[in-house]
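> give me a model of this one.
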Amino acid sequence: MMPKVFLTYRRDDTLSFTGRLDERLTARFGRSNVFRDLDSVAGGAEFRKVILEQLRKCDVCLVIIGDRWLTPRLDEAEDLVRVEIETALNLGLRVIPVLTGKAVMAAKADLPVTLQPLVDRNAVEIREVQFDRDAKALMSQLGGNGRRWLALAAAILLVTIGGWWFTTQSRTPPPPPIVEQNTSGSQSPAVQGVKGSVTIIYGSEKKDEKKPEEKK
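Residues are numbered from 1 along each chain as shown. Below is the predicted model:
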């Protein structure tokens, strides 16, 4: 089963980076399993409501942290990034901090109390100089490898076909006809049916020979 992934980030911090990561995740897991606000919120929709509804459908929340992620805006209760992370933590989602650029994990003292549990989550790094390798490592951790599922489906199909073939080959064939040959070498056959099997007897029909009556 493919994981549903939510990307939370600051546009003025990691917009380009998040776009690249979004493309890789979409290629791996499918568009319907990756949520990013720029691509997933229709025009005229109530932005905050849609964001929270999507979070409730997801399994994983990736918190993209760049050099300018930690700002005084996090102290504002209405800050959208703060609300997204708080909601993901409260829902019990798998929350993964993703460090890029020169970013390091913030200290608990630098975060609002509601975001401090984020520091206890193991972070992953995706640096520009090795973006492809780091992105692949992250996706492997998320699971849901499309190629692996395809290989599994192919294996199940082969097992099913193999089981069908074995069953058809192992069925007991009907018993062959029983042939009895008379040593007299006569070629006149007599055929008898015995409960589904055929008995072929070569030779002349047996005749009852009468023994001479004993004189009394």
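> tabulate the CA atom coordinates of stretch 84-96 in PDB.
Extracted in PDB, the C-alpha atoms of stretch 84-96 (Å, rounded to 0.1, in the frame of the first residue of the first chain):
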ATOM      1  CA  GLU A  84       0.100  22.100  10.000                       C
ATOM      2  CA  ILE A  85       2.900  20.600  12.200                       C
ATOM      3  CA  GLU A  86       0.700  20.900  15.400                       C
ATOM      4  CA  THR A  87      -2.100  19.100  13.600                       C
ATOM      5  CA  ALA A  88       0.200  16.300  12.300                       C
ATOM      6  CA  LEU A  89       1.600  15.700  15.700                       C
ATOM      7  CA  ASN A  90      -1.800  15.700  17.400                       C
ATOM      8  CA  LEU A  91      -3.100  13.200  14.800                       C
ATOM      9  CA  GLY A  92      -0.200  10.900  15.500                       C
ATOM     10  CA  LEU A  93       1.200  11.000  12.000                       C
ATOM     11  CA  ARG A  94       4.700  10.000  11.200                       C
ATOM     12  CA  VAL A  95       6.400  13.400  11.300                       C
ATOM     13  CA  ILE A  96       9.800  13.600   9.600                       C
END
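> how does this structure divide up, domain by domain?
Split into domains by automatic domain parsing, the chain comes to 5-151, 174-204.
> pick out the shakiest of those, pLDDT-wise.
For the domains of the chain, mean pLDDT drops lowest on domain 174-204, to a mean of 51.
> coming back round to it: out of the domains of the chain, deepest packed?
Of all the domains of the chain, domain 5-151 carries the top mean neighbour count, a mean of 16, counting by mean count of other Cβ atoms under 10 Å. (Each C-beta comes from the backbone N, C-alpha and C, glycine too.)
> all strands of the chain, in order?
Taking DSSP state E as the criterion, the chain carries its strands at 5-8, 34-35, 60-65, 94-99, 124-125, 178-181, 189-194, 197-202.
> and for the second one, what are the contacting residues?
Right, strand 34-35. K4, V5, F6, L7, D22, L25, T26, Q54, K57, C58 (Cβ atoms under 8 Å, 6 or more residues apart in numbering).
> can you lay out the residues you listed as a markdown table showing distance to V98?
What follows is the contacts of strand 34-35, written out as a markdown table (distance: Cβ to Cβ, whole Å):
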| residue | distance to V98 |
| --- | --- |
| K4 | 17 |
| V5 | 11 |
| F6 | 12 |
| L7 | 9 |
| D22 | 12 |
| L25 | 11 |
| T26 | 16 |
| Q54 | 18 |
| K57 | 20 |
| C58 | 15 |
